[in-house]
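Student: Here's a sequence, model it:
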Amino acid sequence: MKAAFDFSGKNCVVAGGASGIGRSTAEHLAAAGANVAIADLNLEGAQQAAEKICTLGGRAEAFRMNAADPESAANAAEQIQRNFQQIHCLVNSVGIGAKAREGESFQETFERLIKVNLMGMFYSCSAFAEHMMGKGGTIVNIASMSATIVPAKTRPGRGGEYGLIGYCTSKGAVKMMTKSMAMLWSEYGIRANSVSPGYVDTPLTAEPHSNPELRKKLEDSVPLRRIARPEEIVQVILFLLSDASGYITGEDILADGGFTSR
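Tutor: Residues are numbered from 1 along each chain as shown. Next comes the predicted model:
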């Protein structure tokens, strides 16, 4: 794995790093020389990700963190701070998809998506920012193109509608929350930006993307005519974490293959 950026000596936290974009981010950061803390509710998955990095010669540790629980987020931040001494970078890849649960009401679906996708981001940001203030640091939150545009419903019935409304709302709020944090925390030396991916092949999207008819429909809706690989989103994340973007804060970068430009 060739590293496009140098993170030697940097301590980086990837919240939600057990799978998908988060795991790919952790692996690329380690390949670029970073010491990586993988924080996730799925501790087993986080441990597997950390073990893989260590096997390849990198340094990574796994920590259990339920981002939607402020106490859990604060405890994880404290533990990581003790183990790594300083936190230079935070990537928040916590979140759930738009699929409504069986028998769930509109309100229940909406509240669950807000709790995880928005409040989870907020609790994680606030917990780790406490350890960055005065020392400086960079934060990248994973939003979505759904923060900018409402994509086509991929699931039939009212469940799909319920999930999509909650998902778009939560991701739109993440985008504006990140801009607010960038403005308010700049005096503490903290930069904050967000990345808004389009359609990406991850475990979270495995179900809809495995349907050949639906996949073809999604690919045809993207000007680049394909679904992104996780590592393509990761390169944008690494750019925003790196010194190469040192004069960028409060921005959201769309990485959607041109979907929102149609």
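Student: Can you tell me how far K179 is from H88?
Tutor: 21 Å (Cβ to Cβ, to the nearest Å). All C-beta spots, glycine's among them, are computed from the backbone N, C-alpha and C.
Student: Could I get the buried residue list for the longest strand anywhere in the chain?
Tutor: Assignment by DSSP state E gives strand 190-197 as the longest strand of the chain. Under the neighbour-count criterion of 16 or more other Cβ atoms under 10 Å, strand 190-197 has 190-197 buried.
Student: Kindly reformat those as TSV containing pLDDT and distance to N117.
Tutor: What follows is these, written out as TSV (pLDDT from 0 to 100; distance: Cβ to Cβ, whole Å):
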residue	pLDDT	distance to N117
I190	98	22
R191	98	22
A192	98	17
N193	98	17
S194	98	12
V195	98	14
S196	97	13
P197	97	14
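Student: Out of the residues you listed, which comes closest to F128?
Tutor: The nearest member of the buried residues of strand 190-197 to F128, counting by Cβ to Cβ, is I190 at 9.8 Å.
Student: now the angle between strand 190-197 and the longest helix along the chain, please.
Tutor: Longest helix of the chain, by residue count under DSSP state H: helix 157-185. Note on geometry: by axes from the mean of the first three to the mean of the last three Cα atoms, to 10 degrees, helix 157-185 and strand 190-197 are set 160 degrees apart in direction.
Student: re earlier: what's the most distant pair in the buried residues of strand 190-197?
Tutor: I190 and P197 (22.9 Å).
Student: how many other residues sit next to A173?
Tutor: 18 (other Cβ atoms under 10 Å).
Student: residues contacting A73?
Tutor: By Cβ atoms under 8 Å, 6 or more residues apart in numbering, the residues touching A73 are 65-67, 120, 123-124, 126-127.
Student: mind running it again at 7 Å?
Tutor: Neighbouring residues of A73 by Cβ atoms under 7 Å, 6 or more residues apart in numbering: 65, 67, 123-124, 127.
Student: Please identify which of those is nearest to S261.
Tutor: S124 (30.2 Å).
Student: any idea of the mean pLDDT for the longest helix of the chain?
Tutor: Mean pLDDT, helix 157-185: 88.
Student: for stretch 33-48, same thing?
Tutor: Rounded mean pLDDT across stretch 33-48 is 98.
Student: Would you mind pulling the contact partners of stretch 111-121?
Tutor: Contacts of stretch 111-121 with the rest of the structure, by Cβ under 7 Å, 6+ apart, involve 67-68, 92, 94-96, 141, 166-167, 169-171, 173-174, 177.
Student: so which of those residues comes closest to L218?
Tutor: L218 lies nearest to Y167 out of those, by Cβ to Cβ, at 15.6 Å.
Student: Pretty sure the closest one sits against S146.
Tutor: Yes: at 5.8 Å, Y167 counts as touching S146 under the criterion of Cβ atoms under 7 Å.
Student: Compare these two and say which is more crowded by neighbours.
Tutor: Y167 (26 against 22).
Student: Not counting sequence-adjacent ones, nearest residue to that one?
Tutor: Leaving aside its sequence neighbours, Y167 sits nearest to A98 (Cβ to Cβ, 6 or more residues apart in numbering; 3.7 Å).
Student: G163 is in contact with the one you found, correct?
Tutor: Yes: contact criterion Cβ under 7 Å: A98 and G163 qualify, at 3.6 Å.
Student: For stretch 231-246, C-alpha coordinates in PDB please.
Tutor: Extracted in PDB, the C-alpha atoms of stretch 231-246 (Å, rounded to 0.1, in the frame of the first residue of the first chain):
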ATOM      1  CA  GLU A 231      -9.900   3.900  -0.500                       C
ATOM      2  CA  GLU A 232     -10.900   6.600  -2.900                       C
ATOM      3  CA  ILE A 233     -12.800   8.300  -0.100                       C
ATOM      4  CA  VAL A 234      -9.900   7.700   2.300                       C
ATOM      5  CA  GLN A 235      -7.500   9.700   0.100                       C
ATOM      6  CA  VAL A 236      -9.800  12.700   0.600                       C
ATOM      7  CA  ILE A 237      -9.900  12.100   4.300                       C
ATOM      8  CA  LEU A 238      -6.100  11.900   4.500                       C
ATOM      9  CA  PHE A 239      -5.700  15.100   2.500                       C
ATOM     10  CA  LEU A 240      -7.900  16.900   5.000                       C
ATOM     11  CA  LEU A 241      -6.000  15.400   8.000                       C
ATOM     12  CA  SER A 242      -2.600  16.300   6.500                       C
ATOM     13  CA  ASP A 243      -0.500  19.500   6.500                       C
ATOM     14  CA  ALA A 244      -1.300  19.800   2.800                       C
ATOM     15  CA  SER A 245      -4.700  21.100   3.800                       C
ATOM     16  CA  GLY A 246      -3.300  23.400   6.600                       C
END
